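In: Sequence first, then the predicted structure:
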Amino acid sequence: LKQKMMRRRLTNLRRSINRFYSVSLPSTTYVTKSKSQKQFVFDQTQLEVLQRYFDPFYEQVINSKGGDKKGIYIYGPPGSGKTMMMDECLFPLFKARVERTHFQKFMQGVHAKHHELKQKTPKDDVMPLLIDDIAKRVDVFCFDEFYVTDIADAMVLKRMFSGLFKAGVYIIMTSNRPPNTLYKGGINRELFLPFLDDLEKYCSIIEMPSTSTDYRTMNSFTSSALPLFQVKNDSEAFTKKKQ
């Protein structure tokens, strides 16, 4: 009887995992697509990055393992395949509880929702409400084109991202810039530096070299962006995500 109950629990667990996650890995997905799709140009460096960083990241998420690293920050020249690897080899493997958006769109929504909540409760600190709302619905965030030039963004990133990491949200970011150059020369940059400390603490930092193939020119790699915050006239922000 106990063995039957154990088998039933394992079957239910497998069904639950298959509902939300793929059994593939980012690296095997890459290899499969490079063999079956003409637009994929196999690159050994990309495969090694997927094997060294993306595969363990994916397994950490689906197995709910702890660890110091909660995210990936991958940067390099435009067209080096950063977004392609995230969109084609990682994002599709998560069947639910994952959101993907352009970073600037996300921040526009953060400010809009923050303003809306402050209008209702001027004396309250509403940032924890924003973080809690995200963490309740999302396991993984994928941010494309991460960069910081606006002081309003710079001043809230520390609290927003440290709060998400501590709440158990995993984050992957693509950027053209190394972390230490973010918001370089910005007003009151010293107040932004603690965010960079958290980035180093929580994320694996990966530098992608330039490649002979510019993946931006490949139409089949257009992103199906799913913004967490979609800014409308009524400031309604929390919208699209995978169901």
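Out: Okay, I see it. All of these numbers come straight from a predicted model, not from anything done at the bench.

In: Just give the closest residue to Met127, not the sequence neighbours.
Out: Nearest residue to Met127, sequence neighbours excluded (Cβ to Cβ, 6 or more residues apart in numbering): Arg159, at 5.4 Å. Every residue, glycine included, has its C-beta placed from N, CA and C.

In: Distance check, the residue lying closest to Tyr170 once chain neighbours are set aside against Asp124.
Out: Of all residues not flanking Tyr170 in the chain, Val140 sits nearest, at 4.8 Å (Cβ to Cβ, 6+ apart). Applying Cβ to Cβ, to the nearest Å, one obtains 29 Å for the distance of Val140 from Asp124.

In: what about these two, which has more around it?
Out: Legend: neighbour count by other Cβ atoms under 10 Å for Val140 and Asp124, higher for Val140 (23 against 11).

In: What are the buried residues along stretch 141-161?
Out: Buried residues in stretch 141-161, counted by 16 or more other Cβ atoms under 10 Å: 141-148, 153-154, 156-161.

In: again with stretch 86-105
Out: Neighbour count says stretch 86-105 has 86-91, 93-94, 97-101, 103-105 buried, by 16+ other Cβ under 10 Å.

In: closest to Val41 among these?
Out: Taking Cβ to Cβ as the measure, Val41 lies nearest Glu88 of the buried residues of stretch 86-105, at 12.4 Å.

In: Hmm, that closest one is touching Lys33, no?
Out: Yes: applying Cβ atoms under 8 Å, one finds Glu88 in contact with Lys33, separated by 6.5 Å.

In: quick one, what contacts the residue nearest to the spatial centre of the chain?
Out: Centroid-nearest residue in the chain: Cys142, 2.3 Å away (criterion: Cα atoms, centre = their mean). Cys142 makes contacts with Met86, Asp87, Leu90, Phe91, Val98, Glu99, Arg100, Thr101, Ile172, as judged by Cβ atoms under 8 Å, 6 or more residues apart in numbering.

In: which element is the residue nearest to Met127 on?
Out: Here Arg159 sits within helix 151-166, counting by DSSP states H and E.

In: who does the helix or strand following that helix pair up with?
Out: For helix 151-166, the following helix or strand on the C-terminal side (DSSP H and E) is strand 170-175. Using DSSP bridges, strand 170-175 pairs in its sheet with strand 71-75 (parallel), strand 140-144 (parallel).

In: tell me which strands and helices the helix or strand just after strand 170-175 is in contact with?
Out: With elements assigned by DSSP H and E, the helix or strand that comes after strand 170-175 is helix 193-202. Here helix 193-202 touches helix 151-166, going by 3 or more Cβ pairs under 8 Å, 6 or more residues apart in numbering; DSSP states H and E.

In: Show residues contacting the helix it packs on.
Out: Residues contacting helix 151-166 (Cβ under 8 Å, 6+ apart): 70-71, 107, 110-111, 114, 127-128, 130-131, 134-135, 141, 148, 171, 183, 186-189, 191-192, 194-195, 198-199, 202.

In: ends of stretch 53-68, how far apart?
Out: End-to-end span of stretch 53-68 (Cα to Cα, to the nearest Å): 14 Å.

In: buried stuff in it?
Out: Using 16+ other Cβ under 10 Å as the test for burial, stretch 53-68 gives Tyr53, Phe54, Asp55, Pro56, Phe57, Tyr58, Val61, Ile62.

In: Now find how far off-centre that stretch is within its chain.
Out: Averaging C-alpha positions (Cα atoms, centre = their mean, to the nearest Å) puts stretch 53-68 13 Å from its chain's average.

In: Over to stretch 175-191?
Out: Computed by Cα atoms, centre = their mean, the separation of stretch 175-191 from the middle of its chain amounts to 20 Å.
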